[in-house]
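Engineer: next comes the sequence, and after it the predicted model I'd like to discuss.
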Amino acid sequence: MLVVVALGGNAITPRGSSGSPKEQWEAVSSASRALASLVEEGFRLVVTHGNGPQVGYLLEAFDLLPPGTPRQTLDLAVAMTQGWIGFLIAHSLERELARRGLRRRVAVVPTRVLVSLEDPEFSDPSKYIGRYYGEEEAVRVSRELGWVMRRDPRGGYRRVVPSPRPLGILEVDVVRSLIDQGYIVVAAGGGGIPVASVNGSLEPVEAVVDKDLTSSLLALELNADSLVILTDVPGVAVNYRRPGELWLRRVKVSELKKYYEGGEFPSGSMGPKVLAAINFVERTGRRAHIGLLDEALEVVKGLKGTVVEP
Ligand code: ADP
Ligand code: MG
């Protein structure tokens, strides 16, 4: 059983965490226990992960560099977070597996994802990243760095970047051969480093790709047996935090699609997970699971969380 497991931001930086190295190691070792229980049961894993807090941290750090220091681009920042979080997961998971007497290696693959410049997101970017700026500062960074700045409904101005749909994963053959050699693979971190075809050659672009959508595509391309999205809620609810809240245990993809199209799920959180699950299940006729990281094994077995069925 080959399973693509997507870890949410809480796997490394839980809500309320300061993000200190100590807290990251604590969070990732708890995530590693969850992942190790899957390996112990014989599942072959490809692990993907988000990078929101880490990329935000890097962008804030770049802002503090002395004037005149060249600023690294967003694609490089995403690449940095793939190394950063990949290292945390690989080191921690190998240690946890060794503790259980399992001698398995974890390989981390910096991963690029193909997007199209024709994607409507490039003319109307939607994804807020980095810190909040005052109006004058926003005008200045927009002039100096060419950033698109937009007023965030939560207050202040922030940089917005396109969040295009992932179309392909450049390293999919690398990932596949590592799996075939018995490695546990960490790939597609932060949704992947976006590259697009520009006059016939592939160029990195300053955009971010949703990690759940990339995970779904990776699961498709690897012909995985299931897609498992682990987060900090026990599954998918309709009327979430409203009267009539109902947690879905088993749901047919057609029914979930109706809820999705009815605007049940916010685009910044549960929306992309549900869409990722719908895409995978519709295209493969296999199942997708959404649930709590701490309940990974039960979620993968369909005993807990939300099971999306064909
Ligand atoms: P991750 O880092 O795992 O991607 P997100 O914050 O993006 O996490 O998404 C998980 C969050 O989605 C939950 O913490 C929950 O508050 C929120 N959420 C929004 N709508 C729903 C819903 N309908 N059912 C369950 N959770 C929801
Ligand atoms: Mg998310």
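Structural biologist: Done, it's in. Ligands and ions are numbered 1, 2, ... in the order given.

Engineer: report the contact partners of the residue of the stretch 51-200 of the chain found nearest ligand 1.
Structural biologist: As assessed by C-beta to the nearest ligand atom, ligand 1 sits closest to Gly52 within the stretch 51-200 of the chain, at 6.7 Å. C-beta here means a position set from N, CA and C on the backbone, and glycine is covered the same way. For Gly52, the contact set (C-beta atoms under 8 Å, 6 or more residues apart in numbering) comprises Gly9.

Engineer: what's the spacing between it and Leu76?
Structural biologist: 17 Å (C-beta to C-beta, to the nearest Å).

Engineer: can you check Asp212 too?
Structural biologist: Asp212 is 23 Å from Leu76, by C-beta to C-beta.

Engineer: and these two? Which one has more around it.
Structural biologist: Asp212 (27 against 14; other C-beta atoms under 10 Å).

Engineer: contact partners for the more buried one?
Structural biologist: Ala6, Ile229, Pro272, Lys273, Leu275, Ala276.

Engineer: interface residues of the protein facing ligand 1?
Structural biologist: 8-10, 50, 231-233, 236-237, 240, 264-266, 269-270 (C-beta under 6 Å from any ligand atom).

Engineer: and the nearest residue to Arg286 once chain neighbours are set aside, what does it touch?
Structural biologist: Spatial nearest neighbour of Arg286, excluding adjacent residues (C-beta to C-beta, 6 or more residues apart in numbering): Ser226 at 5.7 Å. Contacts for Ser226 (C-beta under 8 Å, 6+ apart) come out as Met1, Val3, Val4, Ala219, Arg286, Arg287, Ala288, His289, Val300.

Engineer: ok, now with 7 Å
Structural biologist: Taking C-beta atoms under 7 Å, 6 or more residues apart in numbering, we find Ser226 in contact with Val3, Arg286, Arg287, Ala288, His289.

Engineer: how about residues contacting stretch 92-107?
Structural biologist: 25, 28-29, 32-33, 35-36, 39-40, 89-90, 178, 183-186.

Engineer: do the same with stretch 18-38
Structural biologist: With C-beta under 7 Å, 6+ apart, stretch 18-38 has contacts from 5, 7, 11-14, 17, 45, 47, 53, 57, 88-89, 92-93, 96-97, 100, 293-294, 296-297, 300.

Engineer: return the members of the residues you listed classed as buried.
Structural biologist: 5, 7, 11-14, 17, 45, 47, 53, 57, 88-89, 92-93, 96-97, 293-294, 296-297, 300 (16 or more other C-beta atoms under 10 Å).

Engineer: so which of those residues belong to strands?
Structural biologist: Among the buried ones among the contacts of stretch 18-38, the members falling in strands (DSSP state E) are Val5, Leu7, Leu45, Val47.

Engineer: quick one, helices of the stretch 151-300 of the chain?
Structural biologist: 172-180, 211-221, 253-261, 270-284, 296-300 (DSSP state H, counting those that start in this stretch).

Engineer: and for Asp63, the neighbour number?
Structural biologist: Asp63: 13 neighbours (other C-beta under 10 Å).

Engineer: so how far is the first residue of stretch 40-53 from its last?
Structural biologist: From its first residue to its last, stretch 40-53 covers 30 Å (C-alpha to C-alpha, to the nearest Å).

Engineer: what's the answer for stretch 162-173, then?
Structural biologist: 27 Å.

Engineer: what's next to that stretch, contact-wise?
Structural biologist: 109, 111-116, 119, 121-122, 125-127, 187-188, 192, 194, 207-210, 213-214, 217-218, 221-222.

Engineer: give me the buried positions along it.
Structural biologist: Buried residues in stretch 162-173 (16+ other C-beta under 10 Å): Pro162, Ser163, Pro164, Arg165, Pro166, Ile169, Glu171, Val172.

Engineer: and the residues you listed as CSV, adding pLDDT and distance to Ala61?
Structural biologist: Shown next, in CSV, are those (pLDDT from 0 to 100; distance: C-beta to C-beta, whole Å):
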residue, pLDDT, distance to Ala61
Pro162, 96, 23
Ser163, 97, 22
Pro164, 98, 26
Arg165, 98, 29
Pro166, 98, 27
Ile169, 98, 28
Glu171, 98, 27
Val172, 98, 32
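
Engineer: quick one on the thing from earlier: most widely separated two among the contacts of Asp212?
Structural biologist: Ala6 and Leu275 (12.6 Å; C-beta to C-beta).
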